[in-house]
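Engineer: pasting the sequence and the predicted model now:
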Amino acid sequence: MASETFVLPGDSINPSLIPTHPKKPLRLGPGLRHVPPSGIIPTVAGEVVTEHQKNAMRVENAGGRYLPRVGELVIGTVHKSAAEVYYVALSDYTAPALLPQLSFEGATKKTRPVLTQGALVYARVTMANKHMDAELECVSSSTGKADGLGPLNGGMLFNISLGMSRRLMMPKVAQVGKVVVLDELANAGLQFETATGRNGRFWVDSDKPGTVLAVGRAIKETDEKLLEVDDQKKLVRKLIKELS
């Protein structure tokens, strides 16, 4: 069983995350450095992943190519349609995923949504196999409800790192993911809607184009500059000032 939490370079690592197997030596993977006599610090931003049975730990950083996993939420771009499926791109230079045209709430052959090339969908991965194309759904197979999935109309799409995607999709984004810009922007009175895909996609919609750009910029700068909480708050104050 693996446990994980987000860290920035130089952060102190919670001792509870460091495995202490009685017989196996501690193995440090990528993203971690040993500081004698017993210190361990991260050298990249990402999630500390601890595998207690192997007595190993590593940092999964923000880079890399997205590989679909069953159950993950993703934002895809419709590439083309066929008789019964949509071909949906989840990332660059990878084979498109398959989204059945009836995999939407209340969809029938007469009522199914008509999605053109370039349309965005918020979907869940239902099959992921390295030997086959991934498959998606925009409806819960158990309830028949969309549960927030489906076409994303309007708004703007931003590309972010896989690490930022993980942070934004954590149950406690501010406390665990250390991303406060969305809360700060909302507290400042901005009204917007967002969706995050595990494949490095972030979607924002609002009645005001300036708000969309401000939210997207806040997330992009936090991601690319590895801004800590205090710096994120400064960035939000700057953005709000520019909007006023």
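Structural biologist: Nice, I can see it.

Engineer: where does the chain dip in pLDDT?
Structural biologist: Judged against pLDDT under 70, the low-scoring parts of the chain cover residues 1-4, 61-64.

Engineer: 80 instead?
Structural biologist: For the chain, the stretches flagged by pLDDT under 80 are 1-6, 29-30, 37-38, 44-47, 49, 51-53, 60-65, 93, 130, 141.

Engineer: where do the helices sit along it?
Structural biologist: According to DSSP state H, the chain carries its helices in the segments 162-168, 181-187, 209-224, 229-243.

Engineer: so which of the ones you listed gets nearest residue 74?
Structural biologist: Between residue 74 and those, the shortest separation by CB to CB is 9.4 Å, and it involves helix 162-168. The way it works is simple: take the backbone N, C-alpha and C, and place the C-beta from them, glycine included.

Engineer: which elements pack onto that closest one?
Structural biologist: Contact here means 3 or more CB pairs under 8 Å, 6 or more residues apart in numbering; DSSP states H and E; on that basis helix 162-168 packs against strand 2-7, strand 46-51, strand 193-197, strand 201-205, helix 209-224.

Engineer: ok, the fourth one: who's next to it in the sheet?
Structural biologist: Strands that pair with strand 201-205, judged by DSSP bridges, come out as strand 156-159 (antiparallel), strand 193-197 (antiparallel).

Engineer: so can I have a markdown table of these showing distance to residue 53 and mean neighbour count?
Structural biologist: Putting these into a markdown table (distance: least, CB to CB, whole Å; neighbours: other CB atoms under 10 Å) gives the following:
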| stretch | distance to residue 53 | mean neighbour count |
| --- | --- | --- |
| strand 156-159 | 36 | 16 |
| strand 193-197 | 31 | 20 |
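
Engineer: wait, which of the ones you listed is closest to residue 142?
Structural biologist: Across those, the minimum distance to residue 142, taken as CB to CB, is reached by strand 193-197, at 21.2 Å.

Engineer: hmm, who's touching the closest one?
Structural biologist: Surrounding strand 193-197, the residues in contact under the criterion CB atoms under 8 Å, 6 or more residues apart in numbering are 73-76, 90, 122, 148, 152, 155, 165, 168-169, 182, 202-206, 215.

Engineer: mind redoing it with 6 Å?
Structural biologist: Counting contacts by CB atoms under 6 Å, 6 or more residues apart in numbering, the residues outside strand 193-197 that touch it are 74, 75, 122, 165, 168, 169, 202, 203, 204, 205.

Engineer: and it with helix 209-224, angle?
Structural biologist: With axes from the mean of the first three to the mean of the last three CA atoms, to 10 degrees applied, the angle from strand 193-197 to helix 209-224 works out at 30 degrees.

Engineer: could we number from 13 for the rest of this?
Structural biologist: Done: numbering now begins at 13, and the last item shifts to strand 205-209.

Engineer: sweet, I'm off.
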